[in-house]
Structures are given as C-alpha cells and as structure tokens.
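[1] Whatever this is, show me its structure:
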Amino acid sequence: MNQYLYIGIAVVIAILVICMICFYNKLIKLKNYVDEAFATMDVYLKKRADLVPNLVETVKGYAEHEKEVFSNAGRAISSWNGNEKNRNIRFQQEAEIGKAVRDIRVVTEAYPQLRANENFLMLQRSLQMLENDIADARKYYNGVVNTYNSAIQVFPANLFALILGFKKEQLFIAEGFEREPVRVSF
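    Modelled structure (predicted):
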C-alpha cells in the first residue's frame, strides 16, 4: 500500500513540475513578445525623435515669433532617452514629443507659404507615416501586453506566475491632450 502511495505522490509531483515548466515556457515567450513589441514601438519613436528637430528647424524660418513652441519641442526632444528602461518614463517622454508635434502642426496652419515649402512637405509626409507606424506599434504592443497580462492572471497560471515572479505589464495609454481635438486658430 505504501508503495502505491509513493508512486501516486511521485506522479502528482511530476505532473506539477511538468505543468510549471510548460507555464514558465509560455510566460517567457509572452514576456519576450512584450519586449519585442516595445522595442518595435521604440524604433518608430526614435525615428520620430530624429525627424522632429528637422521639422522644427524648417518651421522656425517661417515662424520666428513662435519661440515657446520651439523651446517646448526642443525640451521634449532633449528629454527623450532611448536608453531609459522604465516604460512609464518612456511613455511620458513619448507623450511630450507627441504634444510638441501637435503644437508644431497647429503653428504651421498659420503659414501658407510654409505649407507650400517642398522640404517641409516632405518632412510632414515622413512624420505622418511615422505617426501611423507608431499608432500601429502601440496597438500591437497593447495587444501583446493584454495577452501576457491575461496569461498571468488566469487560474492556475496565476499561481505559477506569482511563484516565478512574473508581473503585470503596463499598457500604453494615451495622454489627456492626445484625446482632445486639435484647435487651429489664426
């Protein structure tokens, strides 16, 4: 009888170990997808951070009296750090650049001669394509984070996730100003 009890305990332990290994491997894959999605979004953010100073310089020539917009854009670009590991800080930096881009767009509406400038139009088209890519990357990132967060929150994976130290990831959430309509005034 003791022999069957020991065999039963060994089987249960083996099943638990196999389940833990499977859950661990699944969670590692999902975590890697989250990191990859963030890195993909980061590539587009870096491109935008490189493009915005060129856009600012082009607009500056036409709108000298809009110094506050340009200084805010300069601060946003200089605060952006591609090496920052904290995703919340990165999201804040990205939001500041997004606000600067929005302000530059508002300023350019007041200058028809600027909107006719070929260099500006090329930069604006590039920026628009990057903004679309960033939006797609954000959607992908949030989808992957949602899948990962769901996986670590459902039973029995949540027990293994807790034991193995997997933590919930932060979704990208648009800042308040990003939800407001753009107001153009002359």
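
[2] which regions of this protein lie under the pLDDT threshold?
    For the chain, the stretches with pLDDT under 70 are 1, 58-85, 107-108, 110-117, 175-186.

[3] what are the ranges of the helices in it?
    2-60, 67-79, 87-108, 112-115, 118-153, 157-164, 176-179 (DSSP state H).

[4] which of the residues in the third one are buried?
    Of all the residues in helix 87-108, those buried under the rule 16 or more other Cβ atoms under 10 Å are 87, 90-91, 93-101, 103-105, 107-108. In short, each C-beta sits where N, CA and C put it, glycine included.

[5] The fifth one too?
    For helix 118-153, the neighbour count (16+ other Cβ under 10 Å) marks 120, 123-124, 127, 130, 133-134, 137-138, 140-142, 144-145, 148-149, 151-152 as buried.

[6] Run the chain-centre distance for it.
    Helix 118-153 sits 7 Å away from the centroid of its parent chain (Cα atoms, centre = their mean, to the nearest Å).

[7] other SSEs contacting that helix?
    Using 3 or more Cβ pairs under 8 Å, 6 or more residues apart in numbering; DSSP states H and E, the elements in contact with helix 118-153 are helix 2-60, helix 87-108, helix 157-164.
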